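Undergrad: structure for the following, please:
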Amino acid sequence: MTVPLAAPLTVASAYGPVTGPQSQVLAFAVVVLGSLLLATGLVTVGYSILAARRRRRRDPMRAALRGELLDRLYGRDEPAWDAWVAGLSAAERDELESVLDVYLRELDGRDAEQLAGLGRALGIGERSRRHVADGGYWDRSHALVWLALLRDAPDRDLLRTRCTETPRERAAAARVLYAAGTDDCATTGVDLLLRDDPEPFSVFGVDTLYRVAERDPNPFFERAATDFAAWPPALQRQALLVVRHLTTVVGGADLSWVVAALSNPDPSVRAAAWRALGAYGWNRRLRDAVDLDAIQAEPAPAVRADAYRALGAWGDAAALGALEAAGTIDPDPRAQVAAAETLVAQRGPDAAPAAIDPPRATDRTADAPVRPGDGGVPATEWPPFGVAWDWAAEHARFDRLARDISRDRERLYDEVRG
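TA: Numbering: from 1, shown residues only. You can find the predicted model right below:
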């Protein structure tokens, strides 16, 4: 018996015969597609060849310009940038700007000041001011970068009118003042960053806010004391992060708004306020304004945990006493572990928490776990912190053991090598 072979599948067999007009359309589509592919390939190859030729011409030019720049910067008493730039071609000027960009990002001090003179000779400062005044968003952003690299602050009214539309522009404008080291860096910088209903910043913006506030914290704290409540929670957290890292430079600035943030409706802001306050254990006036008894009434366990860590950072007897009193009866296991870890870090893993009176059944919240001394268990069997303390102490012992092993290993290595 013979089995017939399957006929090959073709367009005609699958969809029926292709008629005359259909075949012409199909042929035309194939020709157009092939032409597009061929044109794309030719353009790609041509662009690659052109780019390679440009690189071959540019690399020697870049090397020569770099050598001349370094010779004028370090090998002469006076670099004479204007005379040098006047004899360069347009292509050489463009390439020199690229070289200058690299060196301005790497050098500082007197070298950067000398290179700023080259930027002025190339006209970068004036061109950047025009772009800030008349350019679009990306032109302004690029111009602000150049002005910061050149330490060349433009007119303040220009920055206020043209560079406050987005958080990124606000931060870039304030960064120009910081880089230039102007006398109004803090006052104008804070105004640019936080005026007219500001939005949350990027990491660069927060860093810029910290830097200008570090120069003089008073404008920042005065603005926050007035406007903090109106800011969105994300910006409030960023402001509190800046406060957390300013610490001893604040002097006699008004920090009452930081304490008020402990009552903010947003729990993440309350937590950020506790983290900020943890750095101010030295400020007795500020600490006296904080109601430590209110920690037990805080509804968010994560906020209570940050409060315990702040009290541990303060580290004195009053703070540790309040920490132990609240942490021992904390109904949330994670928050109680945070309190135990903080106390263990202060007192050592071999210390024992002070005994406390067990809470009465009427004092316990609905979600609090049943503990010894509660519900018929004798009060004498009440273990302070319970397993939370054991957990924290065990981890502290393991950490100390690991550090001792690492130290002994380094000592043995030193003996072998010695």
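Undergrad: show me what the longest helix along the chain is packed against.
TA: The helix that spans the most residues within the chain, counting by DSSP state H, is helix 20-74. Packing partners of helix 20-74 (3 or more CB pairs under 8 Å, 6 or more residues apart in numbering; DSSP states H and E): helix 81-86, helix 90-106, helix 110-121. The way it works is simple: take the backbone N, C-alpha and C, and place the C-beta from them, glycine included.
Undergrad: of all the ones you listed, which lies closest to Gln24?
TA: helix 90-106 (51.4 Å; CB to CB).
Undergrad: in the closest one, which residues are buried?
TA: The neighbour-count check on helix 90-106 (16 or more other CB atoms under 10 Å) flags Glu92, Glu95, Leu96, Val99, Leu100, Tyr103, Leu104 as buried.
Undergrad: from memory Arg334 sits against Pro301, does it?
TA: Yes. Counting by CB atoms under 8 Å, Arg334 does reach Pro301; the two are 6.1 Å apart.
Undergrad: before we move on, back to that, out of the buried residues of helix 90-106, which two sit at the greatest distance?
TA: Glu92 and Leu104 (18.1 Å).
Undergrad: pLDDT score assigned to the residue nearest in space to the middle of the chain?
TA: The centroid of the chain falls nearest to Val203 when counting by CA atoms, centre = their mean (3.0 Å). Per-residue confidence (pLDDT) for Val203: 96.
Undergrad: so it versus Thr40, what's the distance?
TA: Taking CB to CB, to the nearest Å as the measure, Val203 falls 40 Å from Thr40.
Undergrad: for the residue nearest to Pro79 when sequence neighbours are not counted, what are its contacts?
TA: Computed as CB to CB, 6 or more residues apart in numbering, the closest residue to Pro79 that is not its neighbour in sequence is Arg72, at 4.0 Å. Applying CB atoms under 8 Å, 6 or more residues apart in numbering to Arg72 gives the contacts Pro79, Ala80, Trp81, Trp84.
Undergrad: rerun that using 10 Å as the cut-off
TA: Residues in contact with Arg72 (CB atoms under 10 Å, 6 or more residues apart in numbering) are Glu78, Pro79, Ala80, Trp81, Ala83, Trp84, Gln114, Leu118.
Undergrad: ok, Ser268 touching Pro233?
TA: Yes. Using CB atoms under 10 Å, Ser268 is in contact with Pro233, at 6.3 Å.
Undergrad: common neighbours of those two, please.
TA: Common neighbours of Ser268 and Pro233 are not found (criterion: CB under 10 Å, 6+ apart).
Undergrad: and Ala396, what helix or strand is that in?
TA: Using DSSP states H and E, Ala396 sits within helix 387-417.
Undergrad: can you report how many residues lie near the closest residue to Pro267 other than its chain neighbours?
TA: Nearest residue to Pro267 in three dimensions, chain neighbours excluded: Ala300, at 4.0 Å (CB to CB, 6+ apart). The local packing of Ala300 (other CB atoms under 10 Å) involves 16 other residues.
Undergrad: where does pLDDT dip in this protein?
TA: For the chain, the stretches flagged by pLDDT under 70 are 1-20, 51-52, 54-56, 352-384, 406-416, 418.
Undergrad: one more pass at 50, please.
TA: In the predicted model of the chain, residues 1, 5-7, 9, 11, 14-15, 359, 361-382 satisfy pLDDT under 50.
Undergrad: which ones are touching the residue nearest to Leu323 when sequence neighbours are not counted?
TA: Residue nearest to Leu323 in three dimensions, not counting chain neighbours: Leu311, with 4.1 Å by CB to CB, 6+ apart. Neighbour list for Leu311: 274, 277-278, 281, 287, 290, 292, 295, 318-324, 326-327, 339, 342-343, 346 [criterion: CB under 10 Å, 6+ apart].
Undergrad: so which of those sit within helices?
TA: 274, 277, 287, 318-324, 326-327, 339, 342-343, 346.
Undergrad: would you mind giving me the ChimeraX syntax to select the buried ones in these?
TA: Typed into ChimeraX, the line below selects the buried ones among the ones in helices among the contacts of Leu311, using 16+ other CB under 10 Å:
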select :274,277,287,319,320,322,323,324,326,327,339,342,343
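Undergrad: which one of the ones in helices among the contacts of Leu311 sits closest to Arg130?
TA: For these, the nearest to Arg130 is Leu277 (46.9 Å; CB to CB).
Undergrad: which one is the closest one nearest to, not counting chain neighbours?
TA: In space, Leu277 is closest to Ala310, 5.3 Å off (CB to CB, 6+ apart).
Undergrad: list the contacts for the one you found?
TA: 271, 273-281, 290, 295, 319, 323, 342.
Undergrad: with respect to Gln24, which of those residues is nearest?
TA: Using CB to CB, Ala271 is the member of those that lies nearest Gln24, at 72.6 Å.
Undergrad: make JSON lines from the buried residues of helix 90-106 and add distance to Asp197 to it.
TA: As requested, these are exported to JSON lines (distance: CB to CB, whole Å):
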{"residue": "Glu92", "distance to Asp197": "47"}
{"residue": "Glu95", "distance to Asp197": "44"}
{"residue": "Leu96", "distance to Asp197": "42"}
{"residue": "Val99", "distance to Asp197": "42"}
{"residue": "Leu100", "distance to Asp197": "38"}
{"residue": "Tyr103", "distance to Asp197": "39"}
{"residue": "Leu104", "distance to Asp197": "34"}
